[in-house]
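1. how would this look folded up:
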Amino acid sequence: MDVGISTLEALHHSSKGRLKYDRKWSETAKNLKTMLDECTSPPVLSLKLYTKNTVVNGVPELGSEAHNSRSDIEEDPPPGSRERSIDEISYTVSSGSTHDNTPELDIIISPKGCQIEMAIKEYESLWEKKAKSASRKRHEEQDRMLLMLHREAQMKLNELNLRKDREAETTLNKVQKVSHARSQEVLERQQRLKEHHNRHAKMLDNKMREGEAIRLQLEEEERKKQEEIEANLDAMFKTLSELKKMNDTASQSYSSCQFKQYIPENTPRCLELMSQIVTNVNNIIAQCQNKQIEATTGRVKNVQEYCTQATNVFEFVTGSVDKANKKGKEELDKKKQQEEQKQQEELRQKQLQQQQVAAARLQAEQASTSSANAQASAVAAAATAAPEEMLCAPPQAYEAYIRLREKVKDVEKLYQPLMGDPRLKKFRFDMQKAVNIPVNAISPTSGAHLRDKLERLCALLSGNAVDISSKRLSAGEHPSGIPYCKDLLARKVVKQGEEQVSSNYESAFAIAMVAVGVCCQFPDVRDLMLAQFHLKCPYIVPYYIPKEQGQSTEEYHKALGYQYVDGAVEQQDKFLKRMSGIIRLYAAVIISAPPRGVGQQHPHGLEHAWIWLTNVLNLEPRPDITATLLYDFLQVTGNELLRNYRKQFEKLLHILCTDYIAKIHRVTPSGSGGPVVRLETFLETCLKKKSIPPPAGLLQANFWFT
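-> Now for the predicted structure:
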């Protein structure tokens, strides 16, 4: 870096570096003169010192001094003074001044330098002429260009003014059009506002009229409501008076009954229930009078429901009292007759007493002989009038069995179009849920719970809309829907017997009460249900199905009611358990009360229990199954049979215990006498105590009202 600076300083102090250049030297005479003076002394020419006397013919001649001076100059100068510029040797010719101790010197210019100067001036003048000519031409060209640009600018200005005029005219037209359109729009808007105002005024007027009409309607409705409330209160008061009369009548009839030992045990509870119903209705009326609740139609319906329950209870109580009075009077009459007979017998002579006793014995023997002959003739008639397979069933029972099977086939034909259409698969599934869900939910919780399930099933079978999985569907949507649902219900009830009742005997009574309620309203469902009982358990007919010729063992076992699992027949204990569940459910149906109490006719009453027992005793027993079914059937129905048939049933039990048990022992293989022993123990206990306890879980008739 220092080397570069020193080089620049050395160049600056050189002779060329000290020269001054002026580009505007020709503008002033002073500068021109100065420039010419500088040109006369070229900076790179060597300087020689001559005396005035050494010039010959214009050419300096070197003298001794000059030679010495030259030799001095050519010698190496001291450092820093080797190169000198012209400015360091300044001589003024005009002044003619000299220095002391120095000879007078004149600067002699080289002729070559003069030639260079003249060449420079000529060159400069030539270029000056060229520059002036070029400048003049350029000025002329610029003037032409300016004139042309001025003309173009004037033309563009004219075009611009014309365009502005046109645009102004167009804008004015547009503004006028917009103004006209806006004014037209304003007029239309004003017209629309006026029409809207008129419509709004009419609408307000209509609303005012509607409001006035609504006010009048509300007043009318309020008046009608008050009238309805008063009418409802009057109806409830009438119902209350009827309830009180029924309660008083039932209480008086019960208290005045002289034969209370024949009245059912639950009669006092029924009287308490009637008193509670009267209290509830009285409370409802008091709340309606105090305006705590409104006396609406729903309240009237509640009161009517209470009245219906009270009526059922009243009929049950009065019927029980009447039956007790009738039975008591019959007993009194019998006692009177017996006393009269005793008195007549005492009046007779002692000689005739032995003859009378002998005659009585002879008459008893003849009666027993005639009953045995009647049974034998019935069996013979069945054997001659029926085919071979009917020998295993009573003729009338077998005819009913065949008739029910035919009815099931007819019902299946009715809903065959529904089963054959794959598009109705969803409908079939919904109907299955509508049947299965209420039946699976049946439990002895309360009478209200059973009534709810009964109403849902009856609504479904009536074709009314029911709720199914958050949807409302009706079995009447398809012509075959109602027969399909009835058959489904019959199958489902019997299936509950072999699945649920076989594991929990007490659950049979709640299912049976709902089944009886359905059969009361739909008698065809009763026939379908009996047919399913016969199909699952043919011993309910009773029918001991014989093995047909060419029939396989598996087919025969299935006909008897056995099930096959993975090709193997089920074990005997499981089979007997399933049959016990079915027969217990069937027996529960027989003794269960209808929904409306004893006043309603039972669709399959207690007389069928007596018929089944007599039919079984008229057939030869089978191992295990006969003893099992007799034990289960008597354990469920025995209490009711004994209460209603008394002596006749005791005789039937005696025959069963003495004669029929022996037949069962004869057909029972050794080592499998469990069912026989259980039946024999039960019969002996009943005959010894002369009573049969009611079955566990039995629901009385008044359970419907809980």
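
2. and the longest helix along the chain, how far from the chain's centre?
-> In the chain, assigned by DSSP state H, the helix with the most residues is helix 111-256. When C-alpha coordinates are averaged (CA atoms, centre = their mean, to the nearest Å), helix 111-256 and its chain have centres 46 Å apart.

3. what's that helix packed up against?
-> helix 29-40, helix 267-289, helix 297-347 (3 or more CB pairs under 8 Å, 6 or more residues apart in numbering; DSSP states H and E). Using the backbone N, CA and C atoms, a C-beta is placed for each residue, glycine as well.

4. can you list those helices in TSV and add distance to H197 and mean neighbour count?
-> Formatted as TSV, the helices and strands packed on helix 111-256 follow (distance: least, CB to CB, whole Å; neighbours: other CB atoms under 10 Å):
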stretch	distance to H197	mean neighbour count
helix 29-40	99	13
helix 267-289	52	17
helix 297-347	47	16
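
5. least reliable of those helices going by mean pLDDT?
-> Among these, helix 29-40 has the lowest mean pLDDT, at a mean of 59.

6. that older thread, looking at the helices and strands packed on helix 111-256, which is nearest to G605?
-> Nearest to G605, of all these, is helix 297-347, at 14.8 Å by CB to CB.

7. Now A465. Its backbone dihedrals?
-> Phi and psi for A465, reported as degrees, to the nearest 10, are phi -70, psi 140.

8. Just give the number of residues close to it.
-> Neighbourhood size, A465 [other CB atoms under 10 Å]: 14.

9. Next one: it from G517, what distance?
-> Here A465 is placed at a distance of 20 Å from G517 (CB to CB, to the nearest Å).

10. can you confirm G581 is in a helix?
-> Yes. Under DSSP: H, G, I helix; E, B strand; the rest coil, G581 sits within a helix.

11. And for it, nearest residue in space, chain neighbours not counted?
-> Spatial nearest neighbour of G581, chain neighbours left out: S502 (2.8 Å); criterion: CB to CB, 6 or more residues apart in numbering.

12. before we move on, what about E640?
-> I591 (4.8 Å).

13. per-residue pLDDT, the one you found?
-> 88.

14. How about the one 4 residues further on?
-> At P595 the predicted local distance difference test score is 82.

15. Could you pull up the contacting residues of it?
-> Shown in contact with P595 (CB atoms under 8 Å, 6 or more residues apart in numbering): R451, L454, M513, V516, G517, C520, W704.

16. Surely it is in a helix?
-> No. Under the criterion used here (three-state DSSP), P595 is coil, not part of a helix.

17. for it, phi and psi?
-> phi -60, psi -30.

18. measure it to N464 for me?
-> Taking CB to CB, one finds P595 at 18 Å from N464.

19. repeat for E228
-> 27 Å.

20. do the same with K433
-> For K433, the distance to N464 - CB to CB - is 16 Å.

21. likewise L530?
-> 26 Å.

22. now swap in I540 and tell me
-> Taken as CB to CB, the span from I540 to N464 is 32 Å.

23. more crowded one of those two?
-> Legend: neighbour count by other CB under 10 Å for I540 and N464, higher for I540 (22 against 14).

24. And the stretch of helix or strand F649 belongs to, what does it pack against?
-> For F649, the host element (DSSP states H and E) is helix 647-655. Where contact means 3+ CB pairs under 8 Å, 6+ apart, helix 647-655 is packed against helix 607-617, helix 625-645, helix 674-689.

25. What average pLDDT does that helix get?
-> Here the average pLDDT along helix 647-655 is 87.

26. ok, residues contacting that helix?
-> W610, L613, T614, L617, L641, L642, L683, C686, L687, K690.

27. Going by neighbour count, list what's buried in the very next helix or strand once past that helix.
-> Using DSSP H and E, the next helix or strand after helix 647-655 towards the C-terminus is helix 661-667. Residues of helix 661-667 classed as buried: I661, I664 (neighbour count, 16 or more other CB atoms under 10 Å).

28. list the contacts for the closest residue to E331 other than its chain neighbours?
-> Spatial nearest neighbour of E331, excluding adjacent residues (CB to CB, 6+ apart): F259 at 7.7 Å. By CB under 8 Å, 6+ apart, F259 lies in contact with A324, N325, K327, G328, K329, E331.

29. Could you give the average pLDDT over the strand or helix carrying K426?
-> Following DSSP H and E, one finds K426 within helix 425-440. Averaged across helix 425-440, pLDDT comes to 87.

30. mind listing what G497 touches?
-> G497 touches A508, I511, F533, K536, G581, I582, R584, L585, Y586, counting by CB under 8 Å, 6+ apart.

31. just those residues now: which is nearest G113?
-> I511 (151.5 Å).

32. what comes up buried for stretch 403-413?
-> Neighbour-count burial for stretch 403-413 [16+ other CB under 10 Å]: L404, V408, V411.

33. In helices, which of those fall?
-> Counting by DSSP H, those contribute L404, V408, V411 to helices.

34. Tell me the confidence at the residue nearest to G581?
-> 85.

35. That one - how many residues pack around it?
-> 21.

36. didn't it look like it was pressed against L576?
-> No. Under the criterion of CB atoms under 8 Å, S502 makes no contact with L576, lying 9.6 Å away.

37. need the contact list for the nearest residue to V300 once chain neighbours are set aside.
-> Once flanking residues are discounted, V300 sits nearest to N232: 4.8 Å by CB to CB, 6+ apart. Contacts for N232 (CB under 8 Å, 6+ apart) come out as C288, A295, T296, T297, R299, V300.

38. And the residue nearest the centre of this protein?
-> With distances taken as CA atoms, centre = their mean, S470 lies nearest the centre of the chain, 8.6 Å away.

39. before we move on, the earlier item: quick one: distance of the helix holding F649 to the chain centre.
-> 61 Å.

40. and what of stretch 590-597?
-> What separates the centre of stretch 590-597 from the centre of its chain is 39 Å, taken as CA atoms, centre = their mean.

41. pLDDT below threshold where in the stretch 601-706 of the chain?
-> The stretch 601-706 of the chain contains residues with pLDDT under 70 at 671-672.

42. same thing but at 80, please
-> Within the stretch 601-706 of the chain, the ranges that satisfy pLDDT under 80 run 670-673, 701-702, 704-706.

43. of all the contacts of G497, which comes closest to N440?
-> Using CB to CB, the contacts of G497 come closest to N440 at I511, 10.2 Å.

44. Next up, the contacts around the closest one.
-> Neighbours of I511 in contact, by CB under 8 Å, 6+ apart: V439, I442, V493, Q496, G497, Q500, V501, L585, A588.

45. mind listing what the residue nearest to the centre of the chain touches?
-> No contacts exist for S470 under CB under 8 Å, 6+ apart.
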